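In: Okay, sequence plus prediction incoming.
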Amino acid sequence: MALRPDPVLASAVLSSQVSGSRYFFLGLTGTSRAGVIPAYGGFEQCDPDYVVSREHFDFCALELVVTGEGSVRLNGVESPLRAGSLFHYDHTTKLEIRSDPARPMAKYFLCLTGARARTRLRAAGIRSSSVTQLAMFPEVQRVLEDLIREGRHHRATAGRICAALAEVLLLKIEELAGFSGRKGAATEETFLRCKGAIEVQATKLATLGDITKAVGVEASHLCRLFRRYQGLSPYQYLLHRKMALAAELLMDPTALVKEAASHVGFADPYHFSRCFKKVHRVAPKEFQRSLKHL
């Protein structure tokens, strides 16, 4: 089952220069003879003065930047960091990570142990002294969110579930790292990156202007991409995503419509109900009643 970390050990492996952090721990001591085992991981919003400097590290670590900017020095090689930057380090790596004070980074990390960890990372195309740029990083971000959620459950199966998710993560990285090299893939890659960003941030976005700011693509170009590949406008896709999340919440028979509305960013429950019916062809309360007969 997932373990609560020893405070002394945790302080040795976690930075204090963060806010809004979420962690999970499956074991901070010892190594496994098994293949690839998640030891611990999480999400960190870096403070403006965030700096990490290590001569070596006991685990095989992966980090993914999702917002902000910074830099990393891996065995003397310095690289810039931005959204989608993925890098790896282990006991052979001299490491320094810095966040840009003007645009502090938010990032995920996963620390692995096991006899095959380094070999498996290399097989996924991840090198210890370089940074890989993933244009469609929200797909990796979603798996990391799943790892955090499952790792924090403290159930007997948490370790096995997280080990399976770690393999999914590495397969997804392997797929996406090679995607950029495909001829003619740049336009589709931009669309998939934007689509993934909408899926991840759907509860926080409300307008086309919000979407364009979140994805960094001009509105007219974004609309052309979505009509070409999705058959919907970016805002219509956002609305469908919001209503899908609302439907998941309303599958709980005790959930209130106003709670579902608030969860996906609607201040007016009546406006939410009209949008829900437009997307799902049924009103929220009728949707809940229909589930009772299943």
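Out: Received the coordinates, thanks.

In: Could you look up the SS state of residue 121?
Out: Per DSSP: H, G, I helix; E, B strand; the rest coil, the secondary structure class of residue 121 is helix.

In: count of neighbours near it?
Out: 22 (other CB atoms under 10 Å). Where you see a C-beta, it was placed from the backbone N, CA and C, and this is true even at glycine.

In: What residues does residue 146 make contact with?
Out: Contacts of residue 146 were listed using CB atoms under 8 Å, 6 or more residues apart in numbering, and they are residue 165.

In: name the element it belongs to?
Out: helix 137-151 (DSSP states H and E).

In: Give me the below-cutoff pLDDT ranges for this structure.
Out: Low-confidence segments of the chain (pLDDT under 70): 1-15, 28-35, 178-185, 293-294.

In: Could you tell me which helix of it is the longest one?
Out: helix 158-177 (DSSP state H).

In: on contacts alone, who are the packing partners of whichever helix or strand comes after it?
Out: Note on helix 158-177: by DSSP H and E, the next helix or strand toward the C-terminus is helix 186-201. Using 3 or more CB pairs under 8 Å, 6 or more residues apart in numbering; DSSP states H and E, the elements in contact with helix 186-201 are helix 137-151, helix 208-215, helix 219-229, helix 234-250.

In: domains in this structure, as residue ranges please.
Out: Listed domain ranges for the chain are 7-181, 186-232, 236-291 (source: automatic domain parsing).

In: Tell me which helix or strand residue 49 sits in.
Out: Counting by DSSP H and E, residue 49 is found in no helix or strand.

In: likewise residue 87?
Out: Short version, using DSSP H and E: residue 87 is in strand 85-89.

In: hang on, the earlier thing: can you give me the offset of the helix holding residue 146 from its chain's centre?
Out: Centroid separation between helix 137-151 and its chain, computed with CA atoms, centre = their mean, to the nearest Å, is 5 Å.

In: list the buried ones in it?
Out: 137, 138, 139, 140, 141, 143, 144, 147, 148, 150, 151 (16 or more other CB atoms under 10 Å).

In: Does residue 288 touch residue 253 like I think?
Out: Yes. The pair residue 288 / residue 253 is scored as a contact, 6.1 Å apart, by CB atoms under 8 Å.

In: between these two, who's got more neighbours?
Out: Taking neighbours as other CB under 10 Å, residue 288 and residue 253 compare with residue 288 leading, 20 against 9.

In: For the more buried one, which three-state class applies?
Out: Quick answer, by three-state DSSP: residue 288 is helix.

In: which residue sits closest to it in space, ignoring its chain neighbours?
Out: Nearest residue to residue 288 in three dimensions, chain neighbours excluded: residue 250, at 5.4 Å (CB to CB, 6 or more residues apart in numbering).

In: residue contacts, residue 258?
Out: Counted by CB under 8 Å, 6+ apart, residue 258 has contacts residue 269.

In: Then residue 264?
Out: So residue 264 contacts 202, 203, 242, 243, 245, 246, 272 (CB under 8 Å, 6+ apart).

In: now, among those, which is nearest to residue 50?
Out: residue 203 (26.4 Å; CB to CB).

In: My reading is that that closest one lies in a helix. Confirm?
Out: No. Counting by three-state DSSP, residue 203 falls outside a helix, being coil.
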